[in-house]
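*Asks:* Fold the stuff below for me.
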Amino acid sequence: MSEFSTVLNAVIPVFAIMAAGLVIRRLNWLSEEADQSLFRVVINLLMPCLILDTAAGNPAFNNVRNLFLAPVVGGVTVALSVVVVWFGCGWMNFSGTPARRTFALTTGLQNYAYVPLPLTLLLFDDRTTGVLFLHNVGVEACLWSLLLLLLTGGHAGGAWKHIFNAPLFSVILALGLNFTGAMAHTPVALVKVLHLLGQCAFPLALMLVGATIADHLGELRSGEGWLMILPALVLRTAVLPLGLLLLAKYLPASVELKRVLVIQAAMPAAVVPIVMARHYGGDPALALRIVLASSVVSLMTTPLWIKFGLKFVFS
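*Replies:* Numbering: from 1, shown residues only. Below is the predicted model:
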């Protein structure tokens, strides 16, 4: 099997599961009322189990460069991406500042967790998956601090508390287990429970992402026009990936972090800005258009960027 086929066979199931979530929402098999509790299950139970299953005892966590560089790179690259988009869209005719802020956040923030996670698990090893979790700690910190301040115009209130969540504490616990060697004394039955629950995390999370997209399809009739989408696609699927790949190639980082950056470069826009725009005074219809368009385009661009990125970075 060719390298491209391997990447494609990892990408297709991810988007197929998201599509399944969209379909079961439209069929009303998954009700909107169930979302909140299921998201809590994913965030507070399944994702921590997956983190502990892959990170505890993971040699990548013993690499000091990974421990400090991965979160810093995660936060800084996301912040810089949003800044690039903010200045890159200055010529566009937005209806107001909230629309421009939404455009910058949605275009600049890649899907950093739910789509990269299964791809990393399918394409690489537990070491790379562990570094992905460290990378995402930095992304979360940036998202719920600097990026939220951008979206709200400096009026974020207490939303910054979202930084402190179960996945963060799971990463800290995994670090503690690694440093103390306690994981070696964990009962086998408990390890199996963590593994089985962890394997449920990304399929359920991806279906919920698809269901969330389905919920907002009606908003496509309002807000900024589709003419805003082409610049977003150019930035999200062409300009920003090149920047991340250049960083991955020349940054003195571990192989695992370089792989994570390649995966991040190939990602579509994240879904969370749709929800953030709704709650914090942005333009959710514009965010939805960007997410939908980049998700569709990434069906073609994601495998191409991953194949090219791995060859470019490691050649």
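*Asks:* tell me the centre residue of this protein?
*Replies:* Against the mean C-alpha coordinate of the chain, by C-alpha atoms, centre = their mean, the closest residue is Tyr112 at 1.7 Å.
*Asks:* any idea whether the closest residue in space to it that isn't next to it in sequence is helix, strand or coil?
*Replies:* Nearest residue to Tyr112, sequence neighbours excluded (C-beta to C-beta, 6 or more residues apart in numbering): Val139, at 4.8 Å. Every residue, glycine included, has its C-beta placed from N, CA and C. Following DSSP: H, G, I helix; E, B strand; the rest coil, we place Val139 in the helix state.
*Asks:* can you pull the contacts of Val139?
*Replies:* Residues near Val139 by C-beta atoms under 8 Å, 6 or more residues apart in numbering: 74-75, 78, 112-113.
*Asks:* Kindly report the same for Pro98.
*Replies:* By C-beta under 8 Å, 6+ apart, the neighbours of Pro98 are 281-283.
*Asks:* need the residues you listed in CSV with distance to Val209, can you?
*Replies:* Below are the contacts of Pro98 laid out as CSV (distance: C-beta to C-beta, whole Å):
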residue, distance to Val209
Gly281, 23
Gly282, 19
Asp283, 20
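*Asks:* quick one: Thr152 and Met276 touch, right?
*Replies:* No. Using C-beta atoms under 8 Å as the test, Thr152 is too far from Met276 to be in contact (9.0 Å).
*Asks:* higher neighbour count, the two?
*Replies:* Between Thr152 and Met276, Met276 has the larger neighbour count (other C-beta atoms under 10 Å), namely 26 against 18.
*Asks:* count of residues packed around the residue lying closest to that one once chain neighbours are set aside?
*Replies:* Counting by C-beta to C-beta, 6+ apart, Met276 lies nearest to Leu151, which is 6.0 Å off, once chain neighbours are set aside. Other residues near Leu151 number 27, with proximity taken as other C-beta under 10 Å.
*Asks:* pLDDT at the residue in the chain sticking out farthest from the centre, what is it?
*Replies:* Ranked by distance from the centre of the chain (C-alpha atoms, centre = their mean), the top residue is His185, with 32.7 Å. On the pLDDT scale, His185 is placed at 81.
*Asks:* which element is the nearest residue to Tyr114 once chain neighbours are set aside on?
*Replies:* Spatial nearest neighbour of Tyr114, chain neighbours left out: Ala205 (4.7 Å); criterion: C-beta to C-beta, 6+ apart. Here Ala205 is covered by helix 201-215, with elements defined by DSSP states H and E.
*Asks:* Contacts for that helix next, please.
*Replies:* Contacts of helix 201-215 (C-beta under 8 Å, 6+ apart): 14, 17-26, 30, 32, 35, 38-39, 41-42, 46-47, 49-50, 113-115, 117-118, 121, 271, 274-275, 288, 291-292, 295.
*Asks:* So what's the residue count around Leu235?
*Replies:* 23.
*Asks:* And Ile172, by the same measure?
*Replies:* Considering only other C-beta under 10 Å, Ile172 is surrounded by 11 other residues.
*Asks:* would you say it is within a helix?
*Replies:* Yes. Assignment of Ile172 by three-state DSSP places it within a helix.
*Asks:* show me what contacts Asp35?
*Replies:* 208, 211-212.
*Asks:* That one: which element?
*Replies:* helix 32-41.
*Asks:* average pLDDT across that helix?
*Replies:* 88.
*Asks:* on that earlier part again, in three-state terms, label the residue nearest to the centre of the chain for me.
*Replies:* Tyr112 ends up coil, using three-state DSSP.
*Asks:* residue boundaries of the helices in the stretch 101-250 of the chain?
*Replies:* Ranges of helices in the stretch 101-250 of the chain, per DSSP state H, counting those that start in this stretch, are 116-123, 126-142, 148-152, 166-180, 188-199, 201-215, 229-234, 240-250.
*Asks:* number of nearby residues for Ser181?
*Replies:* To be clear, residue 181 is Gly; Ser isn't right here. 9.
*Asks:* Ramachandran angles for it?
*Replies:* phi 70, psi 10 (degrees, to the nearest 10).
*Asks:* repeat for Pro268
*Replies:* Per-residue torsions, Pro268: phi -80, psi -180 (degrees, to the nearest 10).
*Asks:* Hmm, Tyr112 and it touching each other?
*Replies:* No. Using C-beta under 8 Å, Pro268 is not in contact with Tyr112, being 10.9 Å away.
*Asks:* List the buried residues for stretch 305-315?
*Replies:* 305-310, 313 (16 or more other C-beta atoms under 10 Å).
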